[in-house]
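K.L.:
build me a structure from this.
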Amino acid sequence: MNPCTQEGGQPYPVFPKWALEHTPSREAGVSENAENAIRVKACSFIDEFGSSKLRFPRVTCGTAAVFFHRFYARHAHTLEQNDTRENALACLFLAGKAMGTVVKMRNFCNLYYEYKAETGGTGMIAAGVTLESKEARRFWDMIARRETTIMEAIEFNLWVEHPYRSVGLGISPSRSA
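P.N.:
Modelled structure (predicted):
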């Protein structure tokens, strides 16, 4: 039985403690500290890129982080930065679709290369990449492949219950007199 599903195949809203202690990464020999560092770094990237460049609402960035954690509850982390970054990007792209804040792939690619240039990487122009180039096509294909892999790993369960949603339901805006 999958450690993240109940009998009958219904997903747990929260992973049981034993599943968190025996993740595929830990079983593959990644230490708890290394795994936590990878997760924190990836979720920080999701939040930073998602909110600053994609202008996604916090709920969409939160959904992407949940997808990322669900994916790695079923797959081992590699210690390669690119692999984790690519999965985080695919989670963001998928979360945008799931939450109705869709970004066209062309814009997603362009914004990612802008982000890379601003954060010390090589931007599209500096790297000689245009939106019609082979490099951009490889990026699009990578996102599509990773998105499919993530969807399969999370069993096509795109529903996420965010705690701040229910908190927000009880708060009404104050009215000025």
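
K.L.:
and the gap between residue 23 and residue 106?
P.N.:
With distances taken as CB to CB, to the nearest Å, residue 23 is found 35 Å from residue 106. C-beta: built from backbone N, CA, C; applies to glycine.

K.L.:
who has more neighbours, these two?
P.N.:
Neighbour totals were compared for residue 23 and residue 106, and residue 23 leads with 22 against 12 (other CB atoms under 10 Å).

K.L.:
alpha carbons only: can I get stretch 105-113 in PDB?
P.N.:
Provided in PDB are the C-alpha atoms of stretch 105-113 (Å, rounded to 0.1, in the frame of the first residue of the first chain):
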ATOM      1  CA  MET A 105       4.500  28.500 -21.600                       C
ATOM      2  CA  ARG A 106       6.200  31.200 -23.700                       C
ATOM      3  CA  ASN A 107       5.800  33.800 -20.900                       C
ATOM      4  CA  PHE A 108       6.900  31.200 -18.300                       C
ATOM      5  CA  CYS A 109      10.100  30.500 -20.200                       C
ATOM      6  CA  ASN A 110      10.800  34.200 -20.700                       C
ATOM      7  CA  LEU A 111      10.200  35.100 -17.100                       C
ATOM      8  CA  TYR A 112      12.400  32.300 -15.900                       C
ATOM      9  CA  TYR A 113      15.300  33.400 -18.000                       C
END
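
K.L.:
next one, pLDDT for the residue nearest the centre of the chain please.
P.N.:
Nearest residue to the geometric centre of the chain (CA atoms, centre = their mean): residue 91, 3.1 Å. pLDDT recorded at residue 91 is 96.

K.L.:
thought it was touching residue 61?
P.N.:
No - using CB atoms under 8 Å, residue 91 makes no contact with residue 61, being 9.8 Å away.

K.L.:
joint contacts of those two?
P.N.:
Counting by CB atoms under 8 Å, 6 or more residues apart in numbering, the common neighbours of residue 91 and residue 61 are residue 46.

K.L.:
give me the below-cutoff pLDDT ranges for the chain.
P.N.:
1-14, 77-82, 121-131, 164-177 (pLDDT under 70).

K.L.:
remind me, longest helix of it?
P.N.:
In the chain, assigned by DSSP state H, the helix with the most residues is helix 134-153.
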